[in-house]
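Colleague: Any chance you could fold what I've pasted below:
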Amino acid sequence: MEQQKLPNSTLILVLGIVSILTCCCYGLVGLVVGIIALILASKATKLYLENTELYTGYSNVKTGKILAIVGIVLSAIYLLMMVWVIMTLGWDAMGDQELLQERMQEFMGQ
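Modeller: Predicted coordinates:
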């Protein structure tokens with residue numbers, strides 16, 4: 001029987017890379033893309049483990065899954081950091097550079 005490529009193996013790898021690259025987009029884009037990659041990777045892993053001789057490309061799935069996990073963690077950290085900054089300095093300071101500098105100086109105790 002001829003081996004066939006595991007469905008979505010390249011897509012999972014690409015989504016894992018994209019989740020890391022977009023983790024600084026306020027954390028939301030990287031988080032969504034990483035979760036999608038993890039869901040696809042779990043389906044592909046399940047399919048591969050049912051019949052390992054039938055499919056190739058499992059290394060792309062494993063690599064994409066690892067990259068997606070890293071992207072999710074980085075995105076979550078960045079998102080939590082943004083929430084903390086907004087809660088500490090205020091939403092209005094995010095749009096006004098002078099107010100932002102003033103509140104940062106107050107926060108630093110200067």
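
Colleague: low-scoring pLDDT stretches of the protein, where are they?
Modeller: Applying pLDDT under 70 to the chain flags residues 1.

Colleague: can you do 80?
Modeller: Counting by pLDDT under 80, the chain contains low-confidence residues at 1, 110.

Colleague: can you give me the helices in it?
Modeller: 9-21, 28-50, 58-89, 97-108 (DSSP state H).

Colleague: hey, which of those is tucked in deepest?
Modeller: helix 9-21 (a mean of 21; mean count of other CB atoms under 10 Å). C-beta here means a position set from N, CA and C on the backbone, and glycine is covered the same way.

Colleague: CA-only coordinates of that helix, as PDB, when you get a sec.
Modeller: Output of helix 9-21 as PDB, limited to C-alpha atoms (Å, rounded to 0.1, in the frame of the first residue of the first chain):
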ATOM      1  CA  SER A   9       0.600  18.400   8.200                       C
ATOM      2  CA  THR A  10       2.100  21.400   6.400                       C
ATOM      3  CA  LEU A  11      -0.700  23.700   7.500                       C
ATOM      4  CA  ILE A  12      -0.100  22.800  11.100                       C
ATOM      5  CA  LEU A  13       3.600  23.700  10.700                       C
ATOM      6  CA  VAL A  14       2.700  27.000   9.100                       C
ATOM      7  CA  LEU A  15       0.100  27.800  11.700                       C
ATOM      8  CA  GLY A  16       2.700  27.000  14.500                       C
ATOM      9  CA  ILE A  17       5.200  29.400  12.900                       C
ATOM     10  CA  VAL A  18       2.500  32.100  12.400                       C
ATOM     11  CA  SER A  19       1.400  31.800  16.100                       C
ATOM     12  CA  ILE A  20       4.900  32.700  17.200                       C
ATOM     13  CA  LEU A  21       5.300  35.500  14.700                       C
END
